[in-house]
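A.B. asks: this is the structure alone, sequence omitted:
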């Protein structure tokens, strides 16, 4: 999948793919206007929402209502590096959720593709080239 990243103004950096645009910005202290989440917050949201898709799919496959279910994500940051050391996901279910499905629900959320990419990270290759649009502008 190709994504085109552009700079629409200020500290905004947007990603375009298919028919979608994911907008990001920085807080005022970072030179932005806080008009959208930061790129890192968007990245973190992808973890919880990916797990959420698996939880929703689990419920749908079994005819269980997803009403009242939510995922709460917290982070443990390594104080030495400032990097995320652990992601904590708590699947909160209503009292009526069948106890017999809780462990399977956790296993289902663990199948999240974003999480799997953490376990087997991709290699990165970053290059710089001159675009035709930049030359003709």
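C.D. replies: Yes, it's here. Keep in mind that this is a model prediction, so the values were computed, not measured. Numbering: from 1, shown residues only.

A.B. asks: grab the longest helix from the chain for me.
C.D. replies: Ranked by residue count under DSSP state H, the longest helix found in the chain is helix 39-62.

A.B. asks: name the helices or strands packed onto it?
C.D. replies: If you count contacts as 3 or more C-beta pairs under 8 Å, 6 or more residues apart in numbering; DSSP states H and E, helix 39-62 packs onto strand 20-24, strand 70-77, strand 84-92, helix 102-109, helix 113-119. Where you see a C-beta, it was placed from the backbone N, CA and C, and this is true even at glycine.

A.B. asks: which one of these lies nearest to residue 11?
C.D. replies: Of all the helices and strands packed on helix 39-62, strand 20-24 sits nearest to residue 11, with 8.7 Å by C-beta to C-beta.

A.B. asks: what pairs with the closest one, parallel or antiparallel?
C.D. replies: Strand pairing for strand 20-24, using DSSP bridges, gives strand 12-17 (antiparallel).

A.B. asks: got the buried residues for the strand it pairs with?
C.D. replies: Buried residues in strand 12-17, counted by 16 or more other C-beta atoms under 10 Å: 12, 13, 14.

A.B. asks: likewise for stretch 104-113?
C.D. replies: So for stretch 104-113, counting by 16+ other C-beta under 10 Å, buried means 105, 108, 109, 112.
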